[in-house]
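K.L.:
have a look; sequence and predicted model below, questions after that.
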Amino acid sequence: MTTNNFQIHLDLQDIPHGHGLSFKRGISDGLLESKEHESLPHETHAASYRRGLAVGETLRQEIAKAVKP
């Protein structure tokens, strides 16, 4: 059995101190095409959530390219 490896490279900006959870929730929602955590971040963390959401969507698209039909 042959295993094909692929890599995904992302350029991430610095995540402000204390915003990691909002960023990770955004990634989760982006990967799962969900908005489950959209209302959770405080308004000051909403930008970090949106950045994570964009990263999650990018990851989902890149992973889909690597999956054989």
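P.N.:
Happy to help now that I have it.

K.L.:
what's the neighbour count on the closest residue to residue 31 other than its chain neighbours?
P.N.:
Among residues not flanking residue 31 along the chain, residue 56 sits closest, at 4.4 Å (C-beta to C-beta, 6 or more residues apart in numbering). The C-beta positions use only the backbone N, C-alpha and C, and glycine is treated the same way. Neighbour count of residue 56, defined by other C-beta atoms under 10 Å: 22.

K.L.:
how close does residue 56 sit to residue 16?
P.N.:
To residue 16, residue 56 is 18 Å away according to C-beta to C-beta, to the nearest Å.

K.L.:
related to what we said a few turns ago, so which bits of the host helix or strand of the residue nearest to residue 31 are buried?
P.N.:
Assessed by DSSP states H and E, residue 56 sits inside helix 46-66. For helix 46-66, a neighbour-count test (16 or more other C-beta atoms under 10 Å) marks 46, 48, 49, 50, 51, 52, 53, 55, 56, 57 as buried.

K.L.:
what sits against the closest residue to residue 52 other than its chain neighbours?
P.N.:
Leaving aside its chain neighbours, residue 52 sits nearest to residue 26 (2.5 Å; criterion: C-beta to C-beta, 6+ apart). Shown in contact with residue 26 (C-beta atoms under 8 Å, 6 or more residues apart in numbering): 37, 48, 49, 50, 51, 52, 53, 54, 55, 56.

K.L.:
how about low-confidence regions in this structure?
P.N.:
1-3, 40-41, 69 (pLDDT under 70).

K.L.:
picking that back up, show me what the helix holding residue 56 packs onto, helices and strands only.
P.N.:
helix 20-31 (3 or more C-beta pairs under 8 Å, 6 or more residues apart in numbering; DSSP states H and E).
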